[in-house]
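Peer 1: 3D, please:
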Amino acid sequence: MSIESAEPGHGSSTASWTAVVIMLVAFAIGTTAFFFSIVWLVWASAGLLILGLLTGIVLAKAGYGVGGSKTVSKSH
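Peer 2: Sure, this is the predicted structure:
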């Protein structure tokens, strides 16, 4: 039985930070729009949420995810 000591990275990468920021903005806009009953803006923010998810996936596949070819490994 082998014990692997490598830390998985916890998603600290350009791809994850970009996706999370976009999705946080989408949630903030959607919550505000829901409060003020602006239906079209609630749906637009839902679209922005999906766009944030897709952005994270595309950036991860382009090498900006954890352990990607375009990221710099940081030692603790």
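
Peer 1: tally of neighbours for A44?
Peer 2: Using other Cβ atoms under 10 Å, A44 has 15 other residues around it. Heads up, the C-betas are built off the backbone N, CA and C, glycines and all.

Peer 1: Who are the contact partners of it?
Peer 2: I29, A33 (Cβ atoms under 8 Å, 6 or more residues apart in numbering).

Peer 1: Give me the most central residue, this protein.
Peer 2: When the chain is reduced to its mean C-alpha position, the nearest residue by Cα atoms, centre = their mean turns out to be A19, at 2.3 Å.

Peer 1: so what pLDDT did L54 get?
Peer 2: At L54, the pLDDT value in this model is 97.

Peer 1: which SS class is it?
Peer 2: In terms of secondary structure, L54 is helix; the call rests on DSSP: H, G, I helix; E, B strand; the rest coil.

Peer 1: now the strand or helix carrying V20: mean pLDDT?
Peer 2: Here V20 is covered by helix 14-35, with elements defined by DSSP states H and E. For helix 14-35, the mean pLDDT works out to 96.

Peer 1: buried stuff in it?
Peer 2: By neighbour count on 16 or more other Cβ atoms under 10 Å, the buried set for helix 14-35 is T14, A15, S16, T18, A19, I22, M23, A26, I29, G30, A33.

Peer 1: Would you mind giving the residues you listed as CSV with distance to V72 added?
Peer 2: Output for those, formatted as CSV (distance: Cβ to Cβ, whole Å):
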residue, distance to V72
T14, 10
A15, 14
S16, 15
T18, 16
A19, 19
I22, 23
M23, 24
A26, 29
I29, 33
G30, 34
A33, 38
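
Peer 1: ok, so of those, who is nearest W40?
Peer 2: When the buried residues of helix 14-35 are compared for distance to W40 (Cβ to Cβ), A33 wins out at 8.2 Å.

Peer 1: Enumerate every residue touching the closest one.
Peer 2: Going by Cβ under 8 Å, 6+ apart, A33 touches V39, L41, V42, A44, S45.
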